[in-house]
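*Asks:* no sequence for this one, just the structure:
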């Protein structure tokens, strides 16, 4: 497998210092190996961690319905049911390959990059309205899916979305 666009001849995937996902780069992918498990300095969240995390999230909840911003896999593989979906725009953050991961998308020796939200710009996605009677439980399901290790690179926060 190639080390990427930097080896050999200049790749058409790199233009003006930016990388683009191309069919040629996709062809270099191999089937991912099994999960390498947590590293020696990693800690997996336990039930108490999730209770504290959920309590902190709910403590800061603004009045009204709970809307979950989906900008990646939550769009096509939601963690919980929703009762309404709207196209949404989040200002102040953009999607970027900025999160290095050793599990699932890489290895301890060769971490992989994953899309995450980074400051600046804007991000299009979906606003998912959670049912009021199950919103807290549904948020816990989302937290358990998205936040596995502690400390986490994901920081749940309440943000304003523009919806249509």
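*Replies:* Cool, the structure landed. Here the structure is a predicted model, which is why all the values come from computation and not from measurement.
*Asks:* Run a quick neighbour tally on residue 139.
*Replies:* For residue 139, the neighbour count with other C-beta atoms under 10 Å is 21. Glycine gets a C-beta too; all of them are placed from N, C-alpha and C.
*Asks:* isn't it right up against residue 54?
*Replies:* Yes - judged on C-beta atoms under 8 Å, residue 139 makes contact with residue 54 at a distance of 6.3 Å.
*Asks:* any idea how far residue 145 lies from residue 139?
*Replies:* Residue 145 is 11 Å from residue 139, where distance means C-beta to C-beta, to the nearest Å.
*Asks:* And for residue 52?
*Replies:* Residue 52 sits 13 Å away from residue 139, taking C-beta to C-beta as the criterion.
*Asks:* Check residue 83 too.
*Replies:* Separation of residue 83 from residue 139 (C-beta to C-beta): 14 Å.
*Asks:* Then residue 102?
*Replies:* According to C-beta to C-beta, residue 102 and residue 139 sit 27 Å apart.
*Asks:* Return the set of buried residues in stretch 57-66.
*Replies:* Using 16 or more other C-beta atoms under 10 Å as the test for burial, stretch 57-66 gives 57, 66.
*Asks:* The helix or strand containing residue 26: what's the following helix or strand?
*Replies:* Assigned by DSSP states H and E, residue 26 falls within helix 23-27. Helices and strands here follow DSSP H and E; after helix 23-27, the next one along the chain is strand 43-44.
*Asks:* What pairs with that next one, parallel or antiparallel?
*Replies:* strand 149-150 (antiparallel) (DSSP bridges).
*Asks:* So what's the gap between the strand it pairs with and the chain middle?
*Replies:* Averaging C-alpha positions (C-alpha atoms, centre = their mean, to the nearest Å) puts strand 149-150 14 Å from its chain's average.
*Asks:* for stretch 53-73, same thing?
*Replies:* 15 Å.
*Asks:* and it, what's its mean pLDDT?
*Replies:* When pLDDT is averaged along stretch 53-73, the result is 95.
*Asks:* How about residues contacting it?
*Replies:* The contact list for stretch 53-73, computed with C-beta atoms under 8 Å, 6 or more residues apart in numbering, reads 45, 74, 78, 82, 88, 90, 95, 115, 117, 123-130, 132, 135-136, 138-140, 142-143, 147, 156-159, 161.
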